[in-house]
Structure formats: structure tokens, C-alpha cells
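> I'd like to go over a predicted model; first the sequence, then the structure.
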Amino acid sequence: MAWTWFHRLGSPPYIYGLAARLTPWFAWSAGLILIAALFAGLVLAPPDYQQGEGYRIIFIHAPCGWMSTMVYSTMAVSAAVGLIWRIKVAHAVAASCATLGASFTAATLATGMLWGKPMWGTYWEWDPRLTFELVLLFLYLGYMGLRASFEDVQRADRASAFLAIVGVIDVPLIHYSVIWWNSLHQAPSVMKLGKPTMPPEMLVPLLMMFLGFTLFFVAVLLTRLRGEVLRRERTASWIREAVLQ
Amino acid sequence: MSDLSLRAENLHLWRGERHVLKGLSLAVQGGEVLQVTGANGAGKTTLLRALCGLLHLEEGRVLWGGNDVQQDLPSYHEALAYLGHEPPLKADLTACENLHYWVGVRRHLSEAQIREALQRAGAAAFGERLVRSLSAGQRRRVAIAGLLLMTAGLWLLDEPTTNLDADGTRLVAALVEAHAKGGGIVVAAVHHELSISGEHLRRLELAA
Amino acid sequence: MSTVAQPSVPTRASSAAVRGSALAAARLVLLRDLRLAFRKPEHIVQPLAFFAIVTTLFPLSTTPELSRLREIAPGVLWVAALLSGLLALEFLFRDDAQDGTLEQYALSGQSLTWLILAKTCAHWLLTGLPLALLAPLAGGALGAPAAALPSITVTIAIGTVALSLVGAIGAALTIGVKRGGVLLSVLVLPLAVPILIFGSRATQLAIAGESFVAALELLGAMAVLGVTLAPLAAAAAVRISLE
């Protein structure tokens, strides 16, 4: 029973239809949650006793950082599935993740720089977490560049899948760098086991932002996936009916 | 006499968006020469490379001696000699050196064996010259010497008579026929018919 | 009528007995690459010339004072070595892929992993090793004390081993890509960063006269890890490119 479900997911027409149906749900819920979270974080939450109002950029920066690695992991896992079991839809999912993931990474770096100036006195420092995040950006760019350099879609898929898998080592490096090395960055205060050290008025909007960003990612991924499937299957017979619906 | 057999079952293969091999099947026994013809772009090279086990098949499989080649590719490759469009020769090495480094990777070769193969391919005269200084036809002869050195049961040849003069073309036909007579299998993609006797010859036409 | 003598067609059993060992095959690949390089030395000279140019440009563009140059010397040496290495990596598989030799290796019945390890080894002998021998000269010109010069050779030698191995993966992925040099650099960069960091640190400690054993051990560990994993990964990438 589970296998047939898995097999159906690998079928382009099925995925196309499923994505079309699910996207509105994710999009709307993402929009509502993000608006609520932004309101809670920017307006309702109290100022930080150390940083004043400036800390509020965390509501963008932290979710972006989380998403940048989460999207990469999704990309690497789909690429691995596509490489090992040769499922084209998996490659399409990986391809759809790339631009979004790169954008999240760039946003993380940019918001980090904006936050760094008031907080540490400098826009940039070569500390481990920032450096590995920059490496992540290069990995995304390399993935997209490698994809673009092959005419043959199959070769592009397989070569870039390879890169995505090899590069996944960067993800744990980013997360654990603040623990393993002396870093400018704060130690994890949200993901700690046990009680987090943030007060609930700040924690709840932050968690809502995480959730909102995740839903947003899924909505955009599904939309891009439909485009990617259309592009790959444009000579197939089922496209005509699916598009005309 | 020979227990060699090559079979392909229902091969489906896409190159990009083109459905190149559409459910192709074939079977060749030891002692047979399969001549594959077809227009440019019909898939002759693709078929040969698929038979080598280099390409991923969406569907279908290749069987050597009754076993799926993907189960044990190294053994299959030991028994197989493939010559592509271009002779796999380095311009900055001599013909002898090329053969030594190319076929020597597969199995140990002696100087005498290399010279003998060059002789049989009609390339002994330029064995010590750098490949850079050889004409296309001469390079093709060196490649044929390499083919002979590989002592494989199955020959997969992609347009083996390219750049050869009438003499060379006759030589290739003779070698192919002799290989078949000895119990080997030859699958050759050609533009013109090979002049070998009908008892060994089978034909396959690929439609574009 | 054919006058050629036809040896008997090998049956399954006889051909298995006749296959050469993987090590012998790898040795042949190594020797071939070395011989080819000596016939056409441009491929060796170019990266070395590049290294010399880069290390010369730094003093010209920053400061001629040796005491200040000494501080940036490790970084300059390693960046130059990395860039020269990347330049040389483009040629690792390029010619073989073009003339069908790589295909023949994949069809040889030998382990492609071993053959690629042999090619990478030849590549290091032709680029990394000369760089390691040239580096002390550049280091001395950048103010490194004479006592540190042998250590510079050792650190760069080990670092370039790791770099060649890791770079082989990137080179294998970009086979056949036109002007793939920049893409190759982007791909190799994430994996080269740890090598750069620890290698530079080791050289820095060596120049300062302190013990650099710990950093060197880490660098060596990366090289060992590279030897075991990189050829496998590169072989898989080569097969992908042949499909």
C-alpha cells in the first residue's frame, strides 16, 4: 500500500495535479501566519534589555538561516532519491529548491550583516558560522551553475545531484559550528533541549515565523515544481489536458 | 562450437527528449556478425554504447551468456572490445606505446604481441612513429591492431572502416569474418555493407 | 582468402585468468600520464608560472617590507597554490574524455577507482610536488625565515595531495563542459576551504617558529580521507559523464 503511494508520487501527471491542489492551502496559511507572526514580533513583543529594538531583525534572520539549511537538506535528499532510484520527479524537486534556497542564504547573510553592525560593530567577521554559511551560498550557486552548463537534462540532473550530496556536509558544520568553535554567534537558544532561554513573548512569534517560512517554502516549491514538471514533460501527451483545465 | 551469446531485450532509451531506442530486441550467437545500419541519428552509436553497458536503460536489459550484464560489468567488459568513432590514441605517443598503455591496462602484453598485432593490421611500418604524424587511415589501422590485441569474444565496432582505403576495408572484413569463424561475435554499425560471406551475416536496420 | 592467423576466441574461463591486476593497470595509467606530460611540458610549466606570478604580485601590490610580508606569506602561498592547482585540474580528464581513452578505461574491466587514483597521483606528481618544491623560494621571497622553508614544502606537499584528490571530483563532474574552469573552481571551493584553512595555519605556525604538528596532522588526515573517498566519488562522476 505504501509502495503504490510512493510510486504515484514519482509520476509527473500525479505530482502536477497534487501540487496544484495543495499550493493554495500552503500559500494562504503561510500568508496568514507570517502576518500574525510579524505583528506579534514587531509590535507586541517587548524590546530586549540588551539590544533594545534592534534585536527584532532576529524574526527574519533566524528563520532565513534555518530555511537556508533546511532547503539544502531537502535538495540533497531529493537529489539522492533521484540519483539512486532514478526518479525524475525527485530531480525536479531538487531543481525547484535551488533558487529559493540560494535566496534564503543570501537573505541570511544580508540580514546578518545588518544586524552585525549595531551588535558587534562590524558588517562581517570570518567566524565559522558565517564562513560556512557563505560556503553554502557557493554550493547553491555551484549547483545552479552546474545544472545550467549541460544541455542534456539527464546529465545535468545526475551531476548536480552528486554535488548536492557531497556538499551536504556543510549543513551540520553550520549548525554545530557555534558549539564546536569559539564563535561570535550566540549559542543556540531556541533549539536547546529543555527550556529555551527566550521569554515566551519573543519565542512564540519566532516559532510562528519559522512555521510561516516553512509553509511559504512549500508553497513556492510546489509552484516551481509544477513549472519544472511542465518544462521537462512538455512533449508528453498528458500536458495538453492538464494545462487546458 | 562456441558458447557465446548476446541478447538484448526490449531496450528503451532516451537521449534528452528523443526516444532513441524504442523497444529494440536482438539476439546474436557465437559465429555471427550483426551488421547494424541506419541513417545518421538513427541510434547506431547509442545502441552500441548501450550494449557496452555504459548507458542507463529506462527499460530492458542486455544479456551476455544468459546473464544480465549489470550484475557483473567487469567480467562483461573483459570479454568485450569496443571501438568508437575516434581511435582512442594519444597524439604524443608512438603507435606501439599507445597500444602498450591502452590494451596493457586490460592484460599483460609483450613487445612481440604488440608487433604481431601491428603487422596483422598492416601498421607495422609506422609502429614507432608518433601518432601525431599519422594520417587518419593509419590511426584507424593502429586502432584495429588494438582490437586484435584485446582478444575479446565480443566485438562492438562503430563504423570500423572510416578513413580506410579499399585495402584497409578488405582487411577489416577479413578480420571480422575470421573472428566470427573462430566463434566470436561481432556487432558492427556501418554505412556500407561489409563484404563478408552470407552464412555469418545478420542484418539490423534502425529507423530514425 | 585471409592469410592472417586467427588466435582462438577466448572462452569465459580463459579470459578471467588472463586479466591483469588492478595495481599493474594503475601503474600503467600513471606511467602513461607521466610520459605524456614530459612530451608536452606546457601543462606542467603553466601552473608553476602562475604560482610564481601570483606570489610576485602580492609584494608589488601591498608592501615591500619583509617583516609585514611575513604575516601574509602563509595566506599568499596557499591561495597561489590553490589557484594554480585549480588551473591544472582542468586538464586532469579533459584530453582523455575527448579522445575516448576515458571510455576505454571504463570498459577495460579494471576498477575505475584505481585508475582514477593513478591519474590523480600522476597529476599531483606533475603539479603539486613541483609547487611544493617551488614554494620555499616564494616563501623566502616573502620574508619567511630559512629554518621554516622545509616545513613550507611539507605542508604544501600534503595540502596539494588533498587538493588534487578533492579537485578530481570537481574535474570529473565538469567533463565536457565548455570553459568549465570557473565552474570547477566554484565546485571545488567548498571542499577546498578546510584544506586551505588548516594548511595556511600550519604554514603560519611554521613561519612563526612554533610547533605545527597538530595542524599538519589534521591536514594529513584530510589527505588520507581524500585518498579513500575521492577516487570512488570521481569514478562515479566519470561514469555519469560517460552516459
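On my side now, so go ahead.
> got any ranges where chain B has weak pLDDT?
Counting by pLDDT under 70, chain B shows low-confidence ranges at B:1-2, B:208.
> do that again at 50, thanks
B:1 (pLDDT under 50).
> residues of the longest helix along chain C that come out buried?
If you go by DSSP state H, chain C has its longest helix at helix C:213-242. By 16 or more other CB atoms under 10 Å in any protein chain shown, the buried positions in helix C:213-242 come out as C:215-216, C:218-220, C:222-223, C:226, C:230-231, C:233-238, C:240-242. C-beta: built from backbone N, CA, C; applies to glycine.
> what is the rounded mean pLDDT of it?
The pLDDT scores in helix C:213-242 average 91.
> other SSEs contacting it?
Where contact means 3 or more CB pairs under 8 Å, 6 or more residues apart in numbering or on different chains; DSSP states H and E, helix C:213-242 is packed against helix A:153-167, helix C:101-106, helix C:112-123, helix C:149-173, helix C:181-208.
> need the next SSE after the helix-or-strand element of chain C with minimal mean pLDDT, C-terminal direction.
The helix or strand with the lowest mean pLDDT-type score in chain C, counting by mean pLDDT, DSSP states H and E, is helix C:12-18 (a mean of 48). Downstream of helix C:12-18, the next assigned helix or strand under DSSP states H and E is helix C:22-39.
> that following helix near chain B anywhere?
Yes. Helix C:22-39 reaches chain B (CB under 8 Å from any CB of the partner chain) through C:A24, C:A25, C:L28, C:V29, C:L31, C:R32, C:R35, C:L36, C:R39.
> hmm, back to that, of all the helices and strands packed on helix C:213-242, which lies closest to chain B?
helix C:101-106 (4.8 Å; CB to the nearest CB).
> can you tell me if the closest one touches chain B.
Yes. Residues of helix C:101-106 contacting chain B under CB under 8 Å from any CB: C:T101, C:E103, C:Q104, C:Y105, C:A106.
> quick one: the strands in chain B?
Along chain B, counting by DSSP state E, strands occupy B:5-15, B:18-29, B:33-38, B:59-64, B:67-68, B:80-83, B:154-158, B:185-189, B:201-206.
> quick one: name the residues of chain B near chain A.
For chain B, the contact set with chain A under CB under 8 Å from any CB comprises B:W14, B:R15, B:G16, B:E17, B:H56.
> just the residues of helix C:101-106 next to chain B now: which is nearest B:L171?
Nearest to B:L171 among these, counting by CB to CB, is C:Q104 at 21.8 Å.
> spatially nearest residue to the closest one (excluding sequence neighbours)?
Spatial nearest neighbour of C:Q104, excluding adjacent residues (CB to CB, 6 or more residues apart in numbering or on different chains): B:P88 at 4.8 Å.
> quick one, what contacts residue 53?
Went with chain A since none was named. By CB atoms under 8 Å, 6 or more residues apart in numbering or on different chains, the contact set of A:E53 is A:P47.
> that's the wrong chain, I wanted chain B
Applying CB under 8 Å, 6+ apart to B:G53 gives the contacts B:V62, B:V69, B:Q70, B:L73, B:Y76, B:H77.
> if we go to 6 Å?
Contact analysis of B:G53 by CB atoms under 6 Å, 6 or more residues apart in numbering or on different chains lists B:V69, B:L73.
> so how far is chain B from the most centrally placed residue in chain A?
Among the residues of chain A, A:V71 comes closest to the average C-alpha position under CA atoms, centre = their mean, at 3.0 Å. Here A:V71 is placed at a distance of 28 Å from chain B (CB to the nearest CB, to the nearest Å).
> could you list the single helix or strand in chain A with the lowest mean pLDDT?
The weakest-scoring helix or strand in chain A, judged by mean pLDDT, DSSP H and E, is helix A:2-9 (a mean of 70).
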